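Enquirer: What follows is a predicted structure for the sequence shown.
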Amino acid sequence: MMYADDTFYRTVYCGQMDEAEFARFSVQASAYLDAVTFGRIPPDWEEESYAERIRLACCAAADAYRCNEQGGGIASETNDGISVTYVSGIRKAKTDEERLFDAVRLYLGSTGLLCRWV
């Protein structure tokens, strides 16, 4: 199930990906939401009071997937001189999973959907 569309991503979340990129990453993001919520997002989720939080979490996860694919630990990069600087020290890079879960937790942390108990 897709939890956010390109219109929501651009107008409400104010995302920067183009439509094709968002379409690809939002599929992964929606599947990730199903996994971390243990399938507890109800079929009629758009009727729930936290529906916008679910859409925002999907957009944030899509951005995190994009960041992970681009090598999330890169601090700066130049093209012509082929220079890449990686995050280190105090600004230590997060793992791909940490980046994804942090993005989702920001929006769904207070809904109870991420709780591991039944």
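Expert: Great, that's in hand.
Enquirer: Find the centremost residue of the protein, please.
Expert: Central residue of the chain (CA atoms, centre = their mean): residue 61, 0.9 Å from the mean position.
Enquirer: Please confirm that it is located within a strand.
Expert: No - the assignment for residue 61 (DSSP: H, G, I helix; E, B strand; the rest coil) gives helix, which keeps it out of a strand.
Enquirer: ranges for the strands of this protein?
Expert: 74-77, 84-86 (DSSP state E).
Enquirer: picking that back up, show me the contacts for the nearest residue to the residue nearest to the centre of the chain once chain neighbours are set aside.
Expert: Leaving aside its sequence neighbours, residue 61 sits nearest to residue 29 (CB to CB, 6 or more residues apart in numbering; 3.6 Å). Placement of C-beta: from N, CA and C, glycine included. If you count contacts by CB atoms under 8 Å, 6 or more residues apart in numbering, residue 29 has them with 3, 4, 58, 59, 60, 61, 62, 64, 65.
Enquirer: before we move on, the earlier item: tell me the contacts of the residue nearest to the centre of the chain?
Expert: 28, 29, 32, 33, 100, 103, 104.
Enquirer: redo that, cut-off 10 Å
Expert: Residues in contact with residue 61 (CB atoms under 10 Å, 6 or more residues apart in numbering) are 3-4, 25-26, 28-33, 36, 99-101, 103-104, 107-108.
Enquirer: Give me the neighbour count for the closest residue to residue 65 other than its chain neighbours.
Expert: Nearest residue to residue 65 in three dimensions, chain neighbours excluded: residue 25, at 4.6 Å (CB to CB, 6+ apart). Counted by other CB atoms under 10 Å, the residues lying close to residue 25 total 24.
Enquirer: Quick check, residue 25 in contact with residue 103.
Expert: No - look at residue 25 against residue 103 with CB atoms under 10 Å: they stay out of range, at 11.6 Å.
Enquirer: that older thread, can you tell me which of the contacts of residue 29 is nearest residue 49?
Expert: Each of the contacts of residue 29 was scored against residue 49 by CB to CB, and residue 3 proved nearest at 15.3 Å.
Enquirer: So what's the residue count around the closest one?
Expert: 23.
Enquirer: What's the separation between it and residue 26?
Expert: Distance, residue 3 to residue 26, by CB to CB, to the nearest Å: 8 Å.
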